[in-house]
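Enquirer: Okay, sequence plus prediction incoming.
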Amino acid sequence: MDYITLAHGAGGVEMLELLEKLIFKRVDDKLKRVEGGVGIDIADDAAAIPLPDGRYVVVSVDSYTVNPIFFPGGDIGVLAASGSINDVLMLGGKPIAMLDTIIVEEGFPVKDLEAVIESMLKVLREENVALIGGDFKVMPRGQVDKIVISTTAIGISDNPIIDKPAPGDKIFVSDYVGDHGAVILLMQMGLGRDIEEISTGMLRSDVKPLTKLMVPLLSKYRYCVNAARDPTRGGLAGVLNEWAEKNELLIYISEDKVPIREPVKRYSEMLGIDPLYLASEGVAVLSLKPECADEVVEYAKKLGFGNSRIIGEVKQTDMFKGYVAAETSIGGLRLVEPPRGEIVPRIC
Amino acid sequence: MSKLLSELENILRKNRDLVRVIVRKINDYWFSYMKETGVDHLKIMDFCGTHEWTITHYGIRSLLPRGVELVAGPGCPVCVTPSYYVEELIRLALDGVTVYTYGDVYKLRSHRSVKGFYSLSEAHASGGNVKVVSDLLAAIKDAKLHGKPSVFAGIGFETVAPGYAQAVIKRLIPGNLKLLSLVKLTPPAMFYALEVSQEKPTEPPVKGVIAPGHVSTVTGAKAWEPVAENYGIPVVISGFEPVDVLVSIMKIMEQLVRGKPSVVIEYVRAVSYHGDVAAQSSIWRVFESVDDAWRGIGFLPKSGLRMREDYSDQDAFKEYGIRELSPVDWGYDMPSGCRCAEVVLGKAYPSQCPLFLRACTPSSPIGPCMVSAEGTCAIWAKYGSRDLLLKLSIELKGNIGGA
């Protein structure tokens, strides 16, 4: 008999296979979306429903179970609010409202719950996103681990970004990748407070809404963006592999150009983990038309995303459809495989 | 500290000018070697899973001349631990003994089932007591807390042995925890792999060895002398950074051209000729070498470490009456169709195995070489197989490796 393993929930190959078998295959094609919109027919960040005025409602739902609940740089509340907001942004929507479900374990300290909810509300206040509904439940002790939050973010878009990277596109990242995954991993290993970079605040989760980047960037350069993602579970490697596979293209990046913080590099090497697979919770990955890519980088820098850069490009290929390859730091060549197995449990 | 580390990184991992110089040197040596000997194809065996990782992760194969192949040797302790001992560990776990193990061993599949279970992880899923730990000390700490009968699966090469020996000598291990020493010694496996490579003259021969850096910090360079003496093959003990490995390949090629094979230490910042004498003496105080079985390969003389009689009170073999395998009852213990044993000996590339990335993948591994993070199949699955990368490098940038 087969059982669900943690790998099935890690956002990698195993999860996609399981969902294909249990869900996607069983839903009639015409019920995979609202007519004229985007649904589970396309694996993207969010769904879109057309409005009579030509615009779209963009919706995304996600649940959050991160362990630990409070981590350097944030907590499950910030994560739950930002995560779903970012999914709406990555489909080209401007977030306007949110619904939430909070499931708490009996015995959970009220003051912790208050802190978590306050963090969530703080994000909504700063983002000017309305909280328009929700649900609250308590489970008997031991039947849920502390707290699970689910959020649904709703936004409006004139022109949703259905990911479609094209040959020649440049791959853009807005910031250092892997910070969130690295911090959670180190915390889970009980190393968090012993690590200098964490105790001094140099290394912390990057969890944040990407509104300040995406909304102005899209209003100016929407024509330039062929695809947009935030590399959460599965990391940068996950996003690039999905793009390459779905579009039968080859993506070629230069490892030297991928921004990874020195401590993230060092600790993930110590633990035998490739930082390309570590989650970020406040980074955008874009596939940009080559003619305007440099302009977008400059504009992102002006918007306060100073580490923005181009890390590689999308290529047409006959033999290597669906592959992601990297030029290594010494000029060699390697593949960047899709994420498999469980890299870090319960990161988001 | 951070600045120093990034400077080191620039030298050892990012220095493309230096890499270009080394690669040019390798090509020069290769051309003159081809001219002198008429050999147009040879293999260099890397021995350590970590070296194979460096080679594949940094794409070193794509930088070398086409005629110079790098093959991985038996450098993965999890891959060569006989199925029988995994089965014994599963049995103990099902009998209520807490089994402490490294993550790789946890997922390792046994050849035969024990009460329907093929791995410690399966035994764990059905209530067997298995705990994944990062080292013996973590097991000691945990076993002290619960006080129940426990076993530590002591799998590894020479590198783990001094730590085990110290824990035994200093009696750090609580009475309820016993050590199952399955430690293997690398030189006998290397001699065997070279023996095998010489039996098949049609294949490109192994003409050089990149010897394990970490193991050599303990054993010293002297452990590899027989390779140079008996087989006339240059040995370079290498560090683990990409520049280390490239320099080691260059030094092997240089020796081939000069026709004077010897043991050279590239990893001078950690390895000496005699090695860590104190560690060696603690190993031999606690352990004795025995003829030991290697999974899929068979018995190799004096290739394993078991605890001496003096420490039998800490020995899991004694405590739980675990029988030793003998050459008579050892049977081929690889899954059918799996070529892990040949991969381990450098006789086959993972991509030549019919199961590789078809039935056998990192998420559902069949053979031990795919289970362990140090296994060649797992590394190739992650970073690409040699043939594929060579073709891809042509598509991307033309023939970058030279000849």
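Expert: Everything's here; your move.
Enquirer: use CA for all of it now, contacts and neighbours both
Expert: Noted.
Enquirer: residue boundaries of the helices in the stretch 51-200 of chain A?
Expert: A:76-90, A:110-127, A:179-188, A:196-199 (DSSP state H, counting those that start in this stretch).
Enquirer: so which of those comes closest to chain B?
Expert: helix A:196-199 (10.0 Å; CA to the nearest CA).
Enquirer: what comes up buried for the helix or strand just after the closest one?
Expert: Next helix or strand after helix A:196-199 toward the C-terminus (DSSP states H and E): helix A:211-221. Neighbour-count burial for helix A:211-221 flags A:211, A:213-215, A:217-218, A:221 (criterion: 16 or more other CA atoms under 10 Å in any protein chain shown).
Enquirer: mind listing the strands in the chain by residue range?
Expert: Because you didn't say which chain, this covers chain A. Counting by DSSP state E, chain A has strands at residues A:47-50, A:56-64, A:70-71, A:74-75, A:94-105, A:130-139, A:147-157, A:170-173, A:225-229, A:250-254, A:285-288, A:309-315, A:324-327, A:333-335.
Enquirer: Sorry, I should have been clearer: chain B.
Expert: B:42-46, B:68-72, B:98-101, B:130-132, B:150-156, B:177-183, B:206-211, B:235-237, B:263-265, B:287-294, B:298-307.
Enquirer: how about the residues of the stretch 51-200 of chain A near chain B?
Expert: Proximity of the stretch 51-200 of chain A to chain B, by CA under 8 Å from any CA of the partner chain, involves no residues.
Enquirer: To residue B:295, which of the helices of the stretch 51-200 of chain A lies closest?
Expert: Nearest of these to residue B:295, taken as CA to CA: helix A:179-188 at 33.5 Å.
Enquirer: For that closest one, which outside residues touch it?
Expert: Taking contacts as CA atoms under 8 Å, 6 or more residues apart in numbering or on different chains, the residues outside helix A:179-188 that touch it are A:67-68, A:71-72, A:192-193, A:198, A:203-207, A:261, A:264, A:267-268, A:275, A:278-281, A:344, A:347.
Enquirer: Which residues of chain B lie near chain A?
Expert: Checking chain B against chain A by CA under 8 Å from any CA, the hits are B:2, B:6, B:13-16, B:19, B:56-63, B:242, B:362-363, B:381-384, B:389, B:392-393.
Enquirer: The same query, at a cut-off of 6 Å, please.
Expert: With CA under 6 Å from any CA of the partner chain as the criterion, chain B meets chain A at residues B:14, B:16, B:58-60, B:62-63, B:363, B:382-384.
Enquirer: Adding distance to residue A:308, write the strands of chain B out as CSV.
Expert: CSV is the format used below for the strands of chain B (distance: least, CA to CA, whole Å):
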stretch, distance to residue A:308
strand B:42-46, 39
strand B:68-72, 38
strand B:98-101, 43
strand B:130-132, 40
strand B:150-156, 44
strand B:177-183, 49
strand B:206-211, 40
strand B:235-237, 41
strand B:263-265, 43
strand B:287-294, 51
strand B:298-307, 53
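Enquirer: Go through the ones you listed and name the closest to residue A:44.
Expert: strand B:130-132 (35.9 Å).
Enquirer: so what's the one residue in the stretch 1-150 of chain A that gets nearest to chain B up against?
Expert: Residue of the stretch 1-150 of chain A nearest chain B, by CA to the nearest CA: residue A:14 (7.6 Å). By CA atoms under 6 Å, 6 or more residues apart in numbering or on different chains, the contact set of residue A:14 is residue A:8.
Enquirer: Check the helices of the stretch 51-200 of chain A for me and report the most buried one.
Expert: Ranked by mean neighbour count, the helices of the stretch 51-200 of chain A are led by helix A:76-90 with a mean of 29 (mean count of other CA atoms under 10 Å in any protein chain shown).
Enquirer: what is the rounded mean pLDDT of it?
Expert: The predicted model assigns helix A:76-90 a mean pLDDT of 97.
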